[in-house]
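>>> attaching a predicted model along with its sequence, questions to come.
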Amino acid sequence: MKTSAGRFFQDYRVGEVMIHAVPRTVSGGERALYHALYPARHAMASSDEFARVCGLPASPLDELIAFHTVFGKTVPDISLNAVANLGYAEGRWLRPVYPGDTLRAQSTVIGLKETSNGASGVVWVRTEGINQTGATVLTYVRWVMVRKSAGETQAAGETQAAVVPTLAASVAAKDIAVPAGLDFTRYPFDLAGEPHRLRDYAVGERIDHVDAVTVEEAEHMLATRLWQNTARVHFDAGGRADGRRLIYGGHVISLARALSFNGLANAQMIVALNAGAHANPCFAGDTVRAWSEVLDLAETSAPGVGAIRLRTVAVKQGLTGQDLRDDQGKYLPQVLLDLDYWALMPL
Amino acid sequence: MKTSAGRFFQDYRVGEVMIHAVPRTVSGGERALYHALYPARHAMASSDEFARVCGLPASPLDELIAFHTVFGKTVPDISLNAVANLGYAEGRWLRPVYPGDTLRAQSTVIGLKETSNGASGVVWVRTEGINQTGATVLTYVRWVMVRKSAGETQAAGETQAAVVPTLAASVAAKDIAVPAGLDFTRYPFDLAGEPHRLRDYAVGERIDHVDAVTVEEAEHMLATRLWQNTARVHFDAGGRADGRRLIYGGHVISLARALSFNGLANAQMIVALNAGAHANPCFAGDTVRAWSEVLDLAETSAPGVGAIRLRTVAVKQGLTGQDLRDDQGKYLPQVLLDLDYWALMPL
Amino acid sequence: MKTSAGRFFQDYRVGEVMIHAVPRTVSGGERALYHALYPARHAMASSDEFARVCGLPASPLDELIAFHTVFGKTVPDISLNAVANLGYAEGRWLRPVYPGDTLRAQSTVIGLKETSNGASGVVWVRTEGINQTGATVLTYVRWVMVRKSAGETQAAGETQAAVVPTLAASVAAKDIAVPAGLDFTRYPFDLAGEPHRLRDYAVGERIDHVDAVTVEEAEHMLATRLWQNTARVHFDAGGRADGRRLIYGGHVISLARALSFNGLANAQMIVALNAGAHANPCFAGDTVRAWSEVLDLAETSAPGVGAIRLRTVAVKQGLTGQDLRDDQGKYLPQVLLDLDYWALMPL
């Protein structure tokens, strides 16, 4: 059998390291496509000149390009047989990615736990994105529910003991990696698009990002393929009874982040991913909106550079009221994404 | 209030200079996407080798990439609350844009006039696109009808006096900026695709560009986002009662220009925009065709380089006959674009 | 008449050389778009680092980018009035194409034969893709059935005598051009994605590539334009009675090749095209699958580099059973592509 049907729950072992296939050299092409696919306007990822005024050698690629590229590589080894993408934690961007860089990825299994019915299990992995110099550019933990392969479900109980990793509720402000050289003391607010500094935001403040985008099939498939994420559910209209293709959750992350420009134009670089839930699937035809809540504010050691912790929520048409959950605490069906992250902002 | 709902008529003052946000570094990625989005085949914007034979250091990006990039930056400050994009004048491309250049934009308000019902007004702006060296690459005037904000419409008459700028009916041939070094004396007609020189065209000649393109939602949204034009009307299917998304007028300009290759392959570089009307909105599903009329012919001071003034008209399915206007002088509903510009062509 | 309606059968002469228009400089933009348009994951065309470990100076663009770019240039001169694209032979990739290269194309007419009803004829051309140094990067023969122009069909019999070229049934293994410097002795199987070497494959082995992709209108039009193939049948919904746009056959070639990664991840570079049939048209909404059969295995003179001859077949929904042809030997309507080619693989 030359082809891969993906891995099943019982194929994983705690401590195992997976080298993910297909390293990728990124260029201005990925940047241009990112701007075509998402309404992205954060200036740091748009202009070399802007980035240089802020102390970087050139404009880094959007941090989510790095994330999606790394994530895409992990899919064949981790989530091809995933029933659900359960969560993220301890995500940290350690170095900017520039055009010309080559990214590869590897993951370590850090936890395994069977579900009570024995048909599947939760797999926790810590993934690293690594550039051509061997430096880690990104690290994050995610956990997914993975099916057991057919015929093996009866072996429940015979597999290894459950290991559930202890994960931080959020990345501490002191653990944020600020890119070397970053300096916001000459930050050009006029070119960034908004005048608001870190001190203009208050914890608890909520920002409705105004705009809305209706998603088309061609768009999410172009995006998902761009990250070499070739999971069939995103591409094969024959894969579901209802003929719909599931939109890659990362597509919604990028949509929400891009929409957040309106009100958060100066939340320039994502530096940490604290938590994230893909609350409900998104499909073509859905119109996506986003709002954010300020969760925390912090200083960093870099000149003029503060950090803002944000909760950005993406919803689709039909949500009335501000509640995201029903009486049982379950996300309402219109909620797509609930993301908790840190970004850098001028003090 | 952190978010912007755009500016309204009464927010503008004659003489005011607006620095538009989000500078953008362009690369081969924007070029590749331009070729994917439009049937563009003009050789100067396609091949470094071709451009070098014609005296340029490399292939410049299509002039409309520069135009759309600059235009996109102006949208949040000028046309987010525009009711209509009324016209263009005095557009001049002053320098080619190459991969690696960074573009920013600024506009000066040069005219203001309330409409008679007091609910809106016309705003005239002169916009400049500026590269990383501070040089202006593009300048044009456009005017839009902008709403007043709610509750302010009664203040009509209390605002500043009307200022209506005097604009040239067209850019004079002598005012065309020919790129430094451009030389068409060794112009490779075989590689350009057609044998016709400037002297082969006659004023009044009309060219039907043969081809036709049916537009899809994903395409115009990718294009419009690529220029960081994030005006909601182009993206939100819930924004209109009929559920349709308005196609960015510049998308039709690029479609028409690309279609004009068939018959105008040697009209290589757009150097001036004399006038332009987005006669009717374009929607996904429309099939766009184009024809051009030769309005004028001129020489330039550059070796072998002539200039051709063209009227290019884009129409959609359903137009019968050659009339573009009805008895009242109003554009027929199938007319999308009526554009008047200069391009450079070998003598 | 400034515009071109394409050439008709009686416009060709055996021995005639056509210089095709619009040279094209390719960049990382074309690479990024290729990855967005197809589920392409072969590592050699994805990563500079991977390519360097294999002895090349950088990651070459996917061989099909070279093919489509060259093919696109030939369309206005060869297949604008083609009734059918009948076949390919003697295709050889002679040099990798890298970002920054400029490609042009020329074709020589090597055969002509009228059809028996006199309404059309078969034209054989040998096409070369040539880079900025004047080196041929790609050569192939294709033949198409081309209409006669109206009013000329009665002249059948008065035209030149039939010339039918003798073409090799396949490119001999010894005639494969291995890129200078290619060395698979340190080939990183883990990063390539599969462990299978040439010796792990057997002649006659069949591999089902598992995945499937449903095609959208916007996708195939973006792709086809990217190669500056502007043939109206691919873009104009009004061009057929059924309102459908014909998908460029090369789009299906790239889809099939990309899908073949799953099971043929180490078939890294396409080096020869032995034969190919676009068995039936593909339309938006079709879900494309692919399988491959190993036809031959060979060594090359380059260190560690073998060659695998593959037949890759693309089919759409509705094919039951393994037969591709009906009782009369005609392809079943669900068969889209039947392609025979050589690729390089570690020994």
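Now that the structure is in, tell me what you want to look at. Numbers count the residues shown, from 1 in each chain, chains lettered A, B, ... in the order given.
>>> so which residues on the stretch 101-250 of chain A come close to chain B?
The stretch 101-250 of chain A has residues A:190-194, A:196, A:200-201, A:205, A:207-214, A:216-219, A:222 near chain B, with proximity defined as Cβ under 8 Å from any Cβ of the partner chain. From N, CA and C alone the C-beta is placed, and that goes for glycine too.
>>> helices - which of these land there?
Among those, DSSP state H puts A:Asp190, A:Leu191, A:Ala192, A:Glu217, A:Ala218, A:Glu219, A:Leu222 in helices.
>>> burial check on the third one, number of neighbours?
Spelled out, it's A:Ala192. Here the count is done by other Cβ atoms under 10 Å in any protein chain shown, and A:Ala192 has 25 residues near it.
>>> please report the distance of it from B:Ile19.
Computed with Cβ to Cβ, to the nearest Å, the distance linking A:Ala192 and B:Ile19 is 11 Å.
>>> likewise the second one?
Look at A:Leu191 and B:Ile19: by Cβ to Cβ, they are 7 Å apart.
>>> go on, the last one?
As judged by Cβ to Cβ, A:Leu222 and B:Ile19 stand 33 Å apart.
>>> between those two, tell me which one has more neighbours.
Higher neighbour count among A:Leu222 and B:Ile19: A:Leu222, with 24 against 15, using other Cβ under 10 Å.
>>> next, the spatially closest residue to that one that is not a sequence neighbour: phi, psi?
For A:Leu222, ignoring the flanking residues on the chain, the nearest one in space by Cβ to Cβ, 6 or more residues apart in numbering or on different chains is C:Ala36 at 4.3 Å. The phi/psi pair for C:Ala36 (degrees, to the nearest 10) reads phi -80, psi -30.
>>> quick one: C:Ala36 and A:Trp227 touch, right?
No: counting by Cβ atoms under 8 Å, C:Ala36 sits too far from A:Trp227 to count as a contact (9.2 Å).
>>> only C-alpha atoms, please: export the lengthiest helix in chain A in PDB.
Ordering each helix of chain A by length in residues (DSSP H) puts helix A:63-78 first. What follows is helix A:63-78, C-alpha atoms only, in PDB (Å, rounded to 0.1, in the frame of the first residue of the first chain):
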ATOM      1  CA  GLU A  63       2.100  35.700  11.400                       C
ATOM      2  CA  LEU A  64      -0.800  33.600  10.300                       C
ATOM      3  CA  ILE A  65       1.000  32.700   7.100                       C
ATOM      4  CA  ALA A  66       3.600  31.100   9.300                       C
ATOM      5  CA  PHE A  67       0.900  29.400  11.400                       C
ATOM      6  CA  HIS A  68      -1.100  28.000   8.400                       C
ATOM      7  CA  THR A  69       2.000  26.800   6.700                       C
ATOM      8  CA  VAL A  70       3.200  24.900   9.700                       C
ATOM      9  CA  PHE A  71      -0.300  23.700  10.500                       C
ATOM     10  CA  GLY A  72      -0.800  22.500   7.000                       C
ATOM     11  CA  LYS A  73       2.200  20.300   7.200                       C
ATOM     12  CA  THR A  74       0.900  18.600  10.300                       C
ATOM     13  CA  VAL A  75      -2.400  17.600   8.800                       C
ATOM     14  CA  PRO A  76      -1.400  14.400   7.100                       C
ATOM     15  CA  ASP A  77       0.200  13.100  10.300                       C
ATOM     16  CA  ILE A  78      -2.300  14.400  12.900                       C
END
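>>> chain center to that helix, what's the gap?
Between the centre of helix A:63-78 and the centre of its chain there are 9 Å (Cα atoms, centre = their mean, to the nearest Å).
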